[in-house]
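>>> Below are the sequence and a predicted model for it; my questions follow.
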Number of protein chains: 2
Amino acid sequence: MTPTPTPAAASAEWLRLDNQICFSLHAASRAFNSVYRVTLKELGLTYPQYLVMLVLWEEDELPVKKLGEHLRLDSGTLSPLLKRLEAAGLVRRERSARDERSVEVRLTEEGAALRERALQVPRRIAEATGLDPREINDLRERLDRLTETLDSAGLDPAALEETPGCR
Amino acid sequence: MTPTPTPAAASAEWLRLDNQICFSLHAASRAFNSVYRVTLKELGLTYPQYLVMLVLWEEDELPVKKLGEHLRLDSGTLSPLLKRLEAAGLVRRERSARDERSVEVRLTEEGAALRERALQVPRRIAEATGLDPREINDLRERLDRLTETLDSAGLDPAALEETPGCR
DNA sequence: CACAATTCAATTGCACACAACTAAATGGCC
DNA sequence: GGCCATTTAGTTGTGTGCAATTGAATTGTG
């Protein structure tokens, strides 16, 4: 099938393979998102909002900055998202007294209470994946390692230089 | 650590596990997206636009509908995206003569020529993942199976009913 | 032929995601 | 104390992603 063809043909082959892998990741990500959307609809949360609530259910109160580090999201994404959560009555935002640059995000009673209804979400998602906990855990570890590798590769500008064939 | 605790505690544990898995997927997806963004910048393409171009480099011409089936995207996403590609001079859109509901998308010469410069993209991405082709293929297959399972689970409204504990 | 159901692309509205920028507050240094 | 670099949220602009709707074209049925 691929008997070490010419370099150009090999690149073309890679372009097809790449086609497959980026399709796969893109599709899986959106399929997951879709399942979460359906499941979270009755809680009135979007998927990213659910992620924020997950952190808050563990931490109870923390500045936007810390939230962003947990979720790898910047203020451009979090500011409007948190405003919507505040408008929904699930969180409060208030300037820190100690450091007025910082905004502390904390759960309202309503927000804390929502956790009870959210307890059923993970099981539903796990069922939808059709995987057992061991497989889920394995996939999670792979994805974490992949993310770490991608981050370190992506943030390094030198990586672009040391790649021959750019010109 | 988890010696078959009370049901409520078990759900709480799942909520933490779920925390991990959805973080992982979310982060991996965006990390990938980020690497593609950097790599595609010099081609003047976004990641979804690159996906569209990949299809067109294989198919050369096809209606928006088919494109959407390949990519699992609807016209709400594709219409503005294709307009941008057209504005960039990479594709042409024209009403089909046979069926005037349909819009045929085809590459311009410039769009076809861009393929040459895109040939180096897959290798860069593969390098950034730090995985060998076998591992990439394995991951791809897992993701494809997962997507298939998620889609069939998500589109079935009965799945919500047969889940006890919703009330 | 007429009419209803279907198909297809486009549009609208909402919610991320992220780059780039702004503005306020803080901390370090002289 | 005064000044400057840094930190922190927020804002703006662009580009998806998707649900819901619109409108034109086509197909099926009587």
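Looks like it came in fine.

>>> Quickly check: stretch A:98-118 near chain B or not.
Yes: applying CB under 8 Å from any CB of the partner chain, one finds stretch A:98-118 touching chain B at A:115, A:118. To be clear about C-beta, it is placed using only N, CA and C from the backbone, and glycine gets the same treatment.

>>> does any part of that stretch sit near DNA strand D?
Yes: Stretch A:98-118 reaches DNA strand D (CB under 7 Å from any atom of the strand) through A:99, A:101-103.

>>> If you count neighbours, what's buried in that stretch?
A:103-105, A:107, A:111-112, A:114, A:118 (16 or more other CB atoms under 10 Å in any protein chain shown).

>>> Could you do stretch A:74-93 as well?
A:78, A:81-82, A:85, A:90-91.

>>> can you put those residues in TSV and add distance to residue A:61, pLDDT and secondary structure?
Putting the buried residues of stretch A:74-93 into TSV (distance: CB to CB, whole Å; pLDDT from 0 to 100; DSSP: H, G, I helix; E, B strand; the rest coil) gives the following:
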residue	distance to residue A:61	pLDDT	secondary structure
A:78	15	98	helix
A:81	17	98	helix
A:82	13	98	helix
A:85	14	98	helix
A:90	13	98	coil
A:91	10	98	strand
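
>>> Restricting to those, which residues neighbour DNA strand C?
residue A:81.

>>> ok so, going back, and which of the residues of stretch A:98-118 next to DNA strand D is nearest residue A:12?
residue A:103 (51.0 Å; CB to CB).

>>> Phi, psi for that closest one please.
In terms of degrees, to the nearest 10, the main-chain angles of residue A:103 are phi -120, psi 120.

>>> ok, now residue A:107?
For residue A:107, the backbone dihedrals (degrees, to the nearest 10) come out as phi -70, psi 140.

>>> cool, residue A:94 as well?
Torsion angles at residue A:94 (phi, psi; degrees, to the nearest 10) stand at phi -150, psi 140.

>>> Over to residue A:105?
Its backbone dihedrals place residue A:105 at phi -110, psi 130, with angles given as degrees, to the nearest 10.

>>> now do the one 3 residues further on
Here is the backbone geometry of residue A:108 (degrees, to the nearest 10): phi -80, psi 170.

>>> Residue A:60 now?
Phi and psi for residue A:60, reported as degrees, to the nearest 10, are phi 70, psi -40.

>>> And it, how close does it get to DNA strand D?
Using CB to the nearest atom of the strand, to the nearest Å, one gets 16 Å for the distance from residue A:60 to DNA strand D.

>>> The helix or strand that residue A:140 is a member of close to DNA strand C?
Taking DSSP states H and E as the definition, residue A:140 sits inside helix A:133-154. No: applying CB under 7 Å from any atom of the strand, one finds helix A:133-154 separated from DNA strand C by no less than 8.9 Å.

>>> Next, the buried residues of that helix.
Taking 16+ other CB under 10 Å as the neighbour-count basis, helix A:133-154 is seen to contain the buried residues A:136, A:139-140, A:142-144, A:146-147, A:149-151, A:153-154.

>>> quick one: the most centrally placed residue in chain A and residue A:54, what's the gap?
By CA atoms, centre = their mean, the mean C-alpha position of chain A lies nearest to residue A:71, the distance being 6.6 Å. Remark: distance between residue A:71 and residue A:54 (CB to CB, to the nearest Å) = 9 Å.

>>> Name the SS class of the residue in chain A that DNA strand C sits nearest to, please.
With CB to the nearest atom of the strand, the shortest gap between chain A and DNA strand C falls at residue A:76, namely 2.7 Å. Residue A:76 falls in the helix class when you classify it by DSSP: H, G, I helix; E, B strand; the rest coil.

>>> Can you read off the pLDDT for it?
Residue A:76 is assigned a predicted lDDT (pLDDT) of 97.

>>> tell me the contacts of it?
Going by CB atoms under 8 Å, 6 or more residues apart in numbering or on different chains, residue A:76 touches no other residue.

>>> try it again with 10 Å
Each residue near residue A:76 by CB atoms under 10 Å, 6 or more residues apart in numbering or on different chains is listed here: residue A:68.

>>> Need the overlap of contacts for residue A:71 and residue A:54.
In contact with both residue A:71 and residue A:54: residue B:23, using CB under 10 Å, 6+ apart.

>>> mind showing which ranges of chain A have poor pLDDT?
A:1-10, A:154-167 (pLDDT under 70).

>>> residues in it within reach of DNA strand D, list them.
Applying CB under 7 Å from any atom of the strand, we find that chain A lies next to DNA strand D at A:26, A:30, A:33-34, A:37, A:63-66, A:68, A:74-76, A:78-80, A:82-83, A:93, A:99, A:101-103.
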